[in-house]
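1. Take this sequence and fold it.
(2 chains)
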Protein chains: 2
Amino acid sequence: MKLYDAAASGNCHKVRMLLSILGIAHEVIPINLPGMEQKTSAHMARNPLGTVPVLEDGDVTICDSQAILVYLASKHGGEAWLPRDPVGQAKVQQWLSFAVNELWNGPALARANLLFGRDIDLARAQAAANISLAVMDRHLEANDWLALGRPTIADIACYPYSALAEEGEISLVPFAALAAWFERIKALEGYVSMAGLD
Amino acid sequence: MKLYDAAASGNCHKVRMLLSILGIAHEVIPINLPGMEQKTSAHMARNPLGTVPVLEDGDVTICDSQAILVYLASKHGGEAWLPRDPVGQAKVQQWLSFAVNELWNGPALARANLLFGRDIDLARAQAAANISLAVMDRHLEANDWLALGRPTIADIACYPYSALAEEGEISLVPFAALAAWFERIKALEGYVSMAGLD
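-> Below you'll find the model as predicted:
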């Protein structure tokens, strides 16, 4: 399979992590985000939203990092990373939505502004990030993993943009439970890092 | 089961629609959003994000409208509304993420500003909405339903805030395929409406 990827993207990093953890052979095709390659007609034909990551597996094309995690976990991970029972599935989905809304509109946008000049309201994104990271931190004071008693794609989906928060000038110092969870993630077999995470 | 609900919330309406379509008996408990009841300690104990909807089913509590759709579809809908194969699951997830990001940050926030005075950048939300609704419209020119050849929770998740776009002063006139899809949704057995949708 082919991953259309950008090294600096936390959304792409979610997919790189699960591909590595599950040991899935794949080809990485870099997309030049500063050069706006993601908005070219060639890439928009793969993904009309003009974003990365995009996964191609034979004639199947999946866009959106959460959807790619669902695909890979369902196809290659059995129930280990994405359960099939209603409660487990829903608990994972809660955190996939949290990754898409709270972590994107908070720490990810703050980082995108400071690293890549993305035109957003930095103070608003940082304030939202502090609220969202505090919710995660309180949850992780009582739980080793976000959705279930084991790591799932919920943890992978929420990891990059929370762990990269300081690149958005959001201090992680107040969040001890989050820091301990980062260490548990880093200890997963097959874990891979990216610039800014270590 | 109990649904903590607000009549004017499109996110709650997604859940009301699936509960009705699947014929699931439930009790509705109104949460007074203008009175900020969603931020009281009683409600924050159910959902630390302080939002609606929240579903309680015995000792299970599910927050986030997409996660509630996953729960209800998985527990009560068989595979009709949420498939179990990797491609089908991932195609549904793409649109659940689209509901959480593109439709929330576009038409839903524009509506929240104009109807409820939510402090956001209206012009930015309206511009984002026009891009996102155009992507949906082009997709629906070639497809009757968003994710698969039949209605799924992807359609339910994306319906309220796209169909309510004009309450955010975003014209739906350019989007003929979207309008035809709204009619297909309204023809589903068990469909329920809300203020602003008819």
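2. pLDDT at the residue of chain A most remote from its centre, what is it?
-> Residue farthest from the centre of chain A, counting by C-alpha atoms, centre = their mean, is A:Ser41 at 25.3 Å. If you check A:Ser41, the pLDDT there is 98.
3. same deal with A:Gly78?
-> 87.
4. quick one: it from chain B, how far?
-> Here the distance between A:Gly78 and chain B works out to 11 Å (C-beta to the nearest C-beta, to the nearest Å). (Each C-beta comes from the backbone N, C-alpha and C, glycine too.)
5. do the same with A:Ile156
-> To chain B, A:Ile156 is 14 Å away according to C-beta to the nearest C-beta.
6. How about the contacts made by that residue?
-> Shown in contact with A:Ile156 (C-beta atoms under 8 Å, 6 or more residues apart in numbering or on different chains): A:14, A:17-18, A:21, A:69, A:81, A:185.
7. ranking the residues you listed by neighbours, who comes first?
-> A:Leu69 (29 neighbours; other C-beta atoms under 10 Å in any protein chain shown).
8. quick one: what helix or strand has it in it?
-> Element membership of A:Leu69, judged by DSSP states H and E, is helix A:65-76.
9. Let me see the contact set for the closest residue in space to A:Ala129 that isn't next to it in sequence.
-> Nearest non-adjacent residue to A:Ala129, counting by C-beta to C-beta, 6 or more residues apart in numbering or on different chains: A:Gly106, 3.3 Å away. By C-beta under 8 Å, 6+ apart, the residues touching A:Gly106 are A:125-126, A:128-133, A:161, A:170.
10. how close does A:Gly106 get to A:Pro34?
-> 23 Å (C-beta to C-beta, to the nearest Å).
11. again, but for A:Gln93
-> Noted for A:Gln93: a distance of 33 Å to A:Pro34, by C-beta to C-beta.
12. With neighbour numbers in mind, choose between the two.
-> Legend: neighbour count by other C-beta under 10 Å for A:Gln93 and A:Pro34, higher for A:Gln93 (27 against 9).
13. That one: what's its closest spatial neighbour, skipping adjacent residues?
-> Spatially, and ignoring its direct neighbours in sequence, A:Gln93 is nearest to B:Ala67 (3.9 Å; C-beta to C-beta, 6+ apart).
14. That neighbour contacts A:Lys91, doesn't it?
-> Yes - using C-beta atoms under 8 Å, B:Ala67 is in contact with A:Lys91, at 7.5 Å.
15. which other residues reach the longest helix anywhere in chain A?
-> As assigned by DSSP state H, the longest helix anywhere in chain A is helix A:122-142. Contacts with helix A:122-142, where a contact means C-beta under 8 Å, 6+ apart, come from A:98, A:102-103, A:105-107, A:109-110, A:113-114, A:146, A:158, A:162, A:165, A:168-170, A:172, A:174-178, A:180-181, B:48-49.
16. now stretch A:12-19
-> A:3, A:5-6, A:26, A:52-53, A:55, A:65-66, A:68-69, A:72-73, A:77, A:81, A:99, A:153, A:156-157, A:159-160, A:190-192, A:194.
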